[in-house]
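Visitor: Sequence unavailable; structure follows:
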């Protein structure tokens, strides 16, 4: 093995039922480099990582790790950790009912001479780890009391503290705001300087160019190539990922500013609030309108949408739908009014992993019909086939378990679930997070198509550019309060100013 090479994967091949997930893939990680692993959804990025970390057993190929004689096969993540390979996944894999300190030291707790856990030492160690990462939290509090962003940082802190030589970050920034991303990048560069090799999987192109030294691109389970960052400008990277030249995303939406103020009003909410999360707000949504909720992480975007939908019951205020006052006490009330919610945490609130793609697609339809009026199997198959084709869900079969699909395809299944109910109104909360650029474009086009059909949509995204491409109006939130609205010609500058508290309200 070359002097500075940390690990190599050669000829890795793996097949899922009916799908060749990896076909003779090579990957090399060097000491002290940040290496981006890029590819569209289903390209094989997560599968390759799972082969390295012992979650998936591969059929052919070899893995070599610096300092270890001969080929390496990890049989579990613990196996991989012992060899200095730590992973932080997109969906936080920690124990919400344990404290931060317990999560940081799970499986490696400091012990007293009496054989019991030394809690004092554990808490002191946890405080030191958090201070080094500039995260000011109480490490004795349960993990579930913290935001998804903080939980993500704790997962990274745990991996970093386990003396890893190779750190794999699988979509670590998808739940972080800009400041937290900056902190993570500082940490990544610090580790890089110490000789740690970092594999960085992300869909944010600007982050790749901000922090990475090298890029490996996969497509359809095959290696496209490995490139020094300076040799692969963005346009070429996107073309390599998609296998074709890429039409500019900005061309999705026409530049024409559409005024919806004379269109029929679909939702008219006044003084809605939810204790502890959302201060009283008014909200108007017209038919065929896409309204974006923007603000920093924790500003209340998801919470406001959940109050409108009834996932969190409003404690004050009134709401009219199509001019008629309604009470939404639970999501089923919203569904019966023709509403749908695509949640931001698809793993916890969206998919049911042990059910098939077909069963996940017909779930909302079945819920509306009630438990005693089962959808006939022929109808279920017809609906599943229609939406798999319509939004191009990549799956071996409609009977494949949804947990076997890539994240982006799971997201498409949840979207299909709501489209099958023919809703009048959709809340799309981070519908493209953790999804490749091609699927993102498809979903954005679909949003505009649905609006063109007269459906009303609330769209939430951490990417302002994506909001500009899809939304006709933006509601600005800060600290759980609605602080402004933007209409007319929307620009990145105006939105940023409004979020930051500038004059454009």
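Guide: All right, it came through fine. Computed from a predicted structure; not experimentally measured.
Visitor: Point out where the stretch 51-200 of the chain drops to low pLDDT.
Guide: 90, 175 (pLDDT under 70).
Visitor: Low-confidence stretches in the chain?
Guide: In the chain, residues with pLDDT under 70: 1-2, 90, 175, 242, 244-257, 296-298, 345-349, 434, 500-505.
Visitor: per-domain residue ranges of it.
Guide: The chain resolves into domains spanning 5-248, 287-309+330-500 when parsed by automatic domain parsing.
Visitor: Could you export these as a markdown table, including mean neighbour count and distance to residue 269?
Guide: C-beta: built from backbone N, CA, C; applies to glycine. A markdown table is the format used below for the domains of the chain (neighbours: other C-beta atoms under 10 Å; distance: least, C-beta to C-beta, whole Å):
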| stretch | mean neighbour count | distance to residue 269 |
| --- | --- | --- |
| domain 5-248 | 18 | 25 |
| domain 287-309+330-500 | 19 | 6 |
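Visitor: Distance to residue 264 for the ones you listed - can I get that in CSV?
Guide: Output for the domains of the chain, formatted as CSV (distance: least, C-beta to C-beta, whole Å):
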stretch, distance to residue 264
domain 5-248, 33
domain 287-309+330-500, 5
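Visitor: Out of the ones you listed, the one nearest residue 261 is which?
Guide: Between residue 261 and these, the shortest separation by C-beta to C-beta is 8.4 Å, and it involves domain 287-309+330-500.
Visitor: and residue 160, what does it touch?
Guide: For residue 160, the contact set (C-beta atoms under 8 Å, 6 or more residues apart in numbering) comprises 86, 129, 133, 167, 187, 191.
Visitor: Make sure the fifth one is indeed in a helix.
Guide: Yes. Assessed by DSSP: H, G, I helix; E, B strand; the rest coil, residue 187 belongs to a helix.
Visitor: dump the residue contacts of it.
Guide: Contacts of residue 187 (C-beta under 8 Å, 6+ apart): 133, 156, 160.
Visitor: now it: how far from residue 208?
Guide: In this view, residue 187 and residue 208 are 17 Å apart by C-beta to C-beta, to the nearest Å.
Visitor: how close does the closest residue in space to residue 46 that isn't next to it in sequence sit to residue 235?
Guide: Of all residues not flanking residue 46 in the chain, residue 170 sits nearest, at 6.4 Å (C-beta to C-beta, 6 or more residues apart in numbering). For residue 170, the distance to residue 235 (C-beta to C-beta) stands at 25 Å.
Visitor: now residue 417
Guide: 35 Å.
Visitor: Could you do residue 18 as well?
Guide: Between residue 18 and residue 235 the computed distance is 34 Å (C-beta to C-beta).
Visitor: Repeat that for residue 145.
Guide: 44 Å.
Visitor: Check residue 143 too.
Guide: 41 Å.
Visitor: ok, back up a step: which one of the domains of the chain lies closest to residue 320?
Guide: Per C-beta to C-beta, nearest to residue 320 of the domains of the chain: domain 287-309+330-500, 11.1 Å.
Visitor: so how far is the closest one off the chain centroid?
Guide: 13 Å (C-alpha atoms, centre = their mean, to the nearest Å).
Visitor: For the stretch 151-300 of the chain, just list every one of the strands.
Guide: Along the stretch 151-300 of the chain, counting by DSSP state E, counting those that start in this stretch, strands occupy 166-170, 197-201, 214-219, 222-228, 265-274, 278-286, 290-294.
Visitor: Can you redo those as CSV, where the extra columns are distance to residue 394?
Guide: Shown next, in CSV, are the strands of the stretch 151-300 of the chain (distance: least, C-beta to C-beta, whole Å):
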stretch, distance to residue 394
strand 166-170, 19
strand 197-201, 18
strand 214-219, 13
strand 222-228, 15
strand 265-274, 33
strand 278-286, 33
strand 290-294, 26
